[in-house]
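J.: sequence-free structure coming up:
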C-alpha cells in the first residue's frame, strides 16, 4: 500500500500502456524489437509520467537477463562497479539489463564507465531522460543506442487510466466508488499529459472522500480542488508539452510579444524553467541572429540571471528577454548558411583542404611545387587579399546570403566595396 497507485497498476503488456501509439502499435520498430526479445541499447526521451519506466519494465520481463535499476539523481560510480562485478556470475549468467533512469544526471565519467560493457553486450542499457539526449548524453553512448521519443499523453487517452485507478482502489479497499459526471475528464485534462500525476490525483480524491451509504462518491468539486494541488498546471486544455514549446518559439519568431509571453507564462506555471530558457536562447540565435547580433549575449545574461535566482523571480529577466526577441528584427541567414554547409558534408561534397590553408610548413618529396603559398590578409590593404579557401570541388559555393536588414546589409556593402576594389 505504500507504493503509489501508478506503480501498483503498472501495465504488464504493451497493449495496456496508455498513449505512445507511435511507438507501441503493432508493426512499429520499438514494438517489433520488444516482441522479438532482441533488445539493443535504448534511450527513452520524453516528459515525466508518459510510460518510459513502464515500457522498460515490460522489456525486462521479456528478456532472460537480470534486471538492475539505477537512478541518475543518486547513483554513483560505485553502484556501476557493483553491477559490473555481477557479470559472468550466478547472479547474472546471461548478462544484465540495466535500467538507468534520469541518465542526464550522470556526468561524462560515469557514462563512460558503461561503455566497455554495452559495447561487448554484457550490459544492455535502457536509459530514460526528460532532457534532450543529444545535449545531455555522452556521444559515445548515443552512438551505441537507439533513441525513441515518448510524448505527453492526450487527455482523452488518460481518461480510461483514471477510471481504472478508481476501480482498482475501490476493489483494493472493498468500497464501491462512483464518479460524478466530468470527474475523470477533469483529472485527465489537469495533468498536463502526465499519467502518473493523474493517478496521484485519483488517490488524493479517493482517500479524501468519506464513505456515505457504504460507498465513496467522488464529486467534481473535489476533483477540481485536488487536481489543482496535485497536478502541474501545464496543459489544462489537453495541448501537448511540445506544442507549447513550439508555440512559444514560433510566437517569438513571428514577432508577437503578447503570444510569446502567454506561452512563457504557461511554461513557468508548470515549473519548466529549463525549457523556457533553452528555447529562448535558440530563438535569439536562430531567428534574430545577424539582424541584431548583440542580442545573443543579452539573452544569455537574462537566461543566466533567471537560472541563478530561480522561480518565481526568474519570470522578470525572461519576460524582458522574450519581449526583446519578439520585437527585434529577424534574420535566419546564419542558421540557413550552416544548414546548407552541413547538407553538403552529409552528401559527401567536400575535398582536400587547399594547400595554402593546411597546417604544414614542409613538403614531401612527391610535391611537384614546393611551398605553402598562404597569403596573410593583414599584409594587404584593407586587411584582405583574394585567395581560395574552400576545397576545389566546391570552390565557388555560397552558403551565406545576407539578410535584408540594416546590420547585414551594412556588412555586405562594406565587403562589396573592399572586394570590388581589390579585383
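T.: Right, received. Where do you want to start? Note that the structure is predicted; figures quoted are calculated from it, not measured.

J.: For the residue positioned nearest the centre of the chain, list the residues it contacts.
T.: Closest residue to the average C-alpha location of the chain: residue 132 at 2.5 Å, with C-alpha atoms, centre = their mean. Counting by C-beta atoms under 8 Å, 6 or more residues apart in numbering, residue 132 makes contact with residue 45. All C-beta spots, glycine's among them, are computed from the backbone N, C-alpha and C.

J.: if I look at it, how far off is residue 142?
T.: Distance of residue 132 to residue 142, given as C-beta to C-beta, to the nearest Å: 11 Å.

J.: same check, this time on residue 211
T.: Taking C-beta to C-beta, one finds residue 211 at 53 Å from residue 142.

J.: the more surrounded of those two?
T.: For residue 211 versus residue 142, the count of surrounding residues by other C-beta atoms under 10 Å is larger for residue 142: 17 against 11.

J.: Surely that one touches residue 129?
T.: No: judged on C-beta atoms under 8 Å, residue 142 makes no contact with residue 129 at a distance of 11.1 Å.

J.: Give me the common contacts of those two.
T.: With C-beta under 8 Å, 6+ apart as the test, residue 142 and residue 129 both reach residue 43.

J.: Where does pLDDT dip in this structure?
T.: 1, 92-94, 228-241, 360-371, 421-423 (pLDDT under 70).

J.: which residues of it fall in strands?
T.: Assigned by DSSP state E, the strands in the chain fall at 42-45, 66-71, 96-101, 123-129, 146-149, 177-179, 216-218.

J.: As JSON lines, those strands with mean neighbour count would be great.
T.: Shown next, in JSON lines, are the strands of the chain (neighbours: other C-beta atoms under 10 Å):
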{"stretch": "strand 42-45", "mean neighbour count": "23"}
{"stretch": "strand 66-71", "mean neighbour count": "18"}
{"stretch": "strand 96-101", "mean neighbour count": "22"}
{"stretch": "strand 123-129", "mean neighbour count": "24"}
{"stretch": "strand 146-149", "mean neighbour count": "16"}
{"stretch": "strand 177-179", "mean neighbour count": "18"}
{"stretch": "strand 216-218", "mean neighbour count": "20"}
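
J.: possible to save those as CSV with distance to residue 56?
T.: As requested, those are arranged in CSV below (distance: least, C-beta to C-beta, whole Å):
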stretch, distance to residue 56
strand 42-45, 7
strand 66-71, 9
strand 96-101, 5
strand 123-129, 5
strand 146-149, 11
strand 177-179, 30
strand 216-218, 32
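
J.: Relative to residue 383, which of these is closest?
T.: Taking C-beta to C-beta, strand 146-149 is the member of the strands of the chain nearest to residue 383, at 45.7 Å.

J.: Please name the strands paired to that closest one in the sheet, noting orientation.
T.: Using DSSP bridges, strand 146-149 pairs in its sheet with strand 42-45 (parallel).

J.: what's the strand it pairs with in contact with?
T.: The contact list for strand 42-45, computed with C-beta under 8 Å, 6+ apart, reads 52, 55-56, 59, 103, 125-133, 137, 141-142, 145-150.

J.: try 7 Å
T.: 52, 55, 126-129, 133, 137, 145-150 (C-beta atoms under 7 Å, 6 or more residues apart in numbering).

J.: And those residues, which is closest to residue 9?
T.: residue 55 (15.2 Å).

J.: Just give me the neighbour total for residue 219.
T.: Residues lying near residue 219 (other C-beta under 10 Å) number 15.

J.: Next: residue 395.
T.: Neighbour tally, residue 395, other C-beta under 10 Å: 11.

J.: Spit out the contact partners of it.
T.: With contact set as C-beta under 7 Å, 6+ apart, residue 395 has these partners: residue 388.

J.: picking that back up, please report the distance of the residue nearest to the centre of the chain from residue 316.
T.: 26 Å.

J.: rewinding a little: quick one, which of the strands of the chain gets closest to residue 27.
T.: Comparing these by C-beta to C-beta, strand 146-149 comes nearest, at 15.0 Å.

J.: ok so, going back, compare the strands of the chain and report which one is nearest to residue 332.
T.: When the strands of the chain are compared (using C-beta to C-beta), the closest one is strand 146-149, at 24.8 Å.

J.: what's next to the closest one, contact-wise?
T.: If you take C-beta under 7 Å, 6+ apart as the criterion, strand 146-149 is touched by 23, 30, 40, 42-46, 133.

J.: wait, residue 331 sits on residue 406?
T.: No: counting by C-beta atoms under 7 Å, residue 331 does not reach residue 406; the two are 10.3 Å apart.

J.: neighbour-wise, which of those two wins?
T.: The neighbour count for residue 331 versus residue 406, taken as other C-beta under 10 Å, is higher for residue 331 (22 against 10).

J.: Can you pull the phi and psi angles for the more buried one?
T.: For residue 331, the backbone dihedrals (degrees, to the nearest 10) come out as phi -160, psi 130.

J.: Distance check, it against residue 139.
T.: 30 Å.

J.: In space, what's closest to residue 162 - neighbours in sequence excluded?
T.: Computed as C-beta to C-beta, 6 or more residues apart in numbering, the closest residue to residue 162 that is not its neighbour in sequence is residue 184, at 4.4 Å.

J.: list the contacts for the one you found?
T.: 159, 162-163.

J.: Could you let me know which of these ends up closest to residue 351?
T.: residue 159 (58.7 Å).

J.: Residue 271 and residue 200: what is the separation?
T.: Taken as C-beta to C-beta, the span from residue 271 to residue 200 is 16 Å.

J.: In terms of neighbours, single out the busier of these two.
T.: residue 200 (22 against 13).
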